[in-house]
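**Q** My questions are about this predicted structure, shown below with the sequence.
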Amino acid sequence: MRYAKIAFSLLALLLVVSGCGTKRQYFEPESLSGKVSYDDSLPGTIIDAVRDGATLSNGQVITKNGLTNVILPEGFVYLSEDKGRYVAASKCGALQIVDANKKVLFSKECSVAVASAALKGNLLALVLGSNELVIIDINDGKEMMHLRQDNVYVLDSRIASPYFLGDLIVFPTLDGKLLIVDQQTKKPIRDVVVSNEKFFGNIIYLQVLGDRLVAATKSKVVSISPKAISFLETEVKDVIVLENRIFVFTKDGRVILTDADLKTLKERKFPFATFSGTIYGDFIYMIEKGGYVIATDLDLISTNVYKLPDSIESHVFTTGDALYYKNHFFKLNRKK
């Protein structure tokens, strides 16, 4: 009986400790510099968002240039754009390229859903949900390349798009690699393993600045130049590349400022912050899930925090000067 009481007491203590240990903590700013109010409403609610665009419930598209008059076919979401041509796909594998007048310029039925896409001239580069990499000539519909990569089973929803880089096409694979393809021969000439994680290992960020290629998975950032390849291991939420600076936003609320080779120059910690999006210009703006905009200068010295009307619970899309959320938006120069 005595041992039973001791066991019961230990169990109760463990329950209390584990309960306290799992209590979620939230970002709480020391002070507020003001409040942000929405400037206007949108004609629909954001139902899907990728790095370069978002789709509204009425089919309308938002790009980095703001709200467009383009309306996608029902059941399609925005993937990418090139000179007024919009690449859109459905969950069932249907793919279309349309113009601003809803004219269908190209269509194709893929065997699986399209994860990401990029268009340049007559070449359409696709990453399929099955981790197949495809190049299509949209003039005649012919597949110029079709490569199958290793199977993947669980993906991070942040999926980077292929990148046309001069005479090359850089494919971000779903198993954590960068496959560099010669645009003329349509053959791979090099690959770089960013991460070999079995789950959620896909490339979530891909950007080119000058002769430098920067990419990331959820756990690693890589910077590739003609002279060197550098890595930074951390839990990645987002990345911004500005000239010779790279800003890495982490899962635990840190902002890491590095040089182009990922050498840490400075770091700021925002305890318990969860970043839902970032905007950059003269300042870096971090959209915090609890309903805040955290603004900091490019040297991570001064910080101002503004309160949003809502906490962030669904898709967010940001441009150079605006935040789009649900069915409304605000401009960053309209703080109150």
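**A** Right, received. Where do you want to start? Numbers count the residues shown, from 1 in each chain.
**Q** If you count contacts, what does the strand or helix carrying Leu133 end up packed against?
**A** For Leu133, the host element (DSSP states H and E) is strand 132-137. Helices and strands touching strand 132-137, by 3 or more C-beta pairs under 8 Å, 6 or more residues apart in numbering; DSSP states H and E, are strand 123-128, strand 142-148, strand 177-182. The C-beta positions use only the backbone N, C-alpha and C, and glycine is treated the same way.
**Q** buried residues in it?
**A** Going by neighbour count (16 or more other C-beta atoms under 10 Å), the buried part of strand 132-137 is Glu132, Leu133, Val134, Ile135, Ile136.
**Q** Out of the residues you listed, which two sit at the greatest distance?
**A** Glu132 and Ile136 (12.1 Å; C-beta to C-beta).
**Q** Give the closest residue to Thr68 in space, chain neighbours not counted.
**A** Val61 (5.0 Å; C-beta to C-beta, 6 or more residues apart in numbering).
**Q** hmm, who's touching the strand holding Leu133?
**A** Contact with strand 132-137 is made by 108, 112, 122-128, 142-149, 162, 169, 171, 173, 179, 181, 186, as judged by C-beta atoms under 8 Å, 6 or more residues apart in numbering.
**Q** Whichever of the residues you listed end up buried, select them in PyMOL.
**A** This is how PyMOL selects the buried members of the contacts of strand 132-137, with burial counted by 16+ other C-beta under 10 Å:
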select buried, resi 108+123+124+125+126+127+128+144+145+147+149+162+169+171+173+179+181+186
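**Q** Could you export the helix or strand harbouring Ile97 as CSV, CA atoms only?
**A** Here Ile97 sits within strand 94-98, counting by DSSP H and E. Extracted in CSV, the C-alpha atoms of strand 94-98 (Å, rounded to 0.1, in the frame of the first residue of the first chain):
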residue,chain,number,x,y,z
ALA,A,94,-4.3,20.0,-64.4
LEU,A,95,-2.0,22.8,-65.6
GLN,A,96,-2.8,26.0,-67.5
ILE,A,97,-1.0,29.1,-68.7
VAL,A,98,-3.4,32.0,-69.1
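**Q** Give the next helix or strand downstream of that strand.
**A** Once the chain leaves strand 94-98, the next helix or strand it forms, by DSSP H and E, is strand 104-109.
**Q** partner strands of that following strand, parallel or antiparallel?
**A** strand 94-98 (antiparallel) (DSSP bridges).
**Q** Could you tell me the angle between the partner strand and strand 123-128?
**A** Here the directions of strand 94-98 and strand 123-128 differ by 150 degrees (axes from the mean of the first three to the mean of the last three C-alpha atoms, to 10 degrees).
**Q** Let me know the closest of the buried residues of strand 132-137 to Leu72.
**A** Taking the buried residues of strand 132-137 together and measuring to Leu72 by C-beta to C-beta, the closest member is Ile136, at 19.3 Å.
**Q** Just the pLDDT for that closest one.
**A** pLDDT for Ile136: 98.
**Q** Buried ones in stretch 239-248, by neighbour count?
**A** Val239, Ile240, Val241, Ile246, Phe247, Val248.
**Q** One more: stretch 31-42?
**A** Val36, Tyr38, Leu42.
**Q** And for the first one, nearest residue in space, chain neighbours not counted?
**A** It refers to Val36. Using C-beta to C-beta, 6+ apart, the closest residue to Val36 is Tyr306 (4.9 Å).
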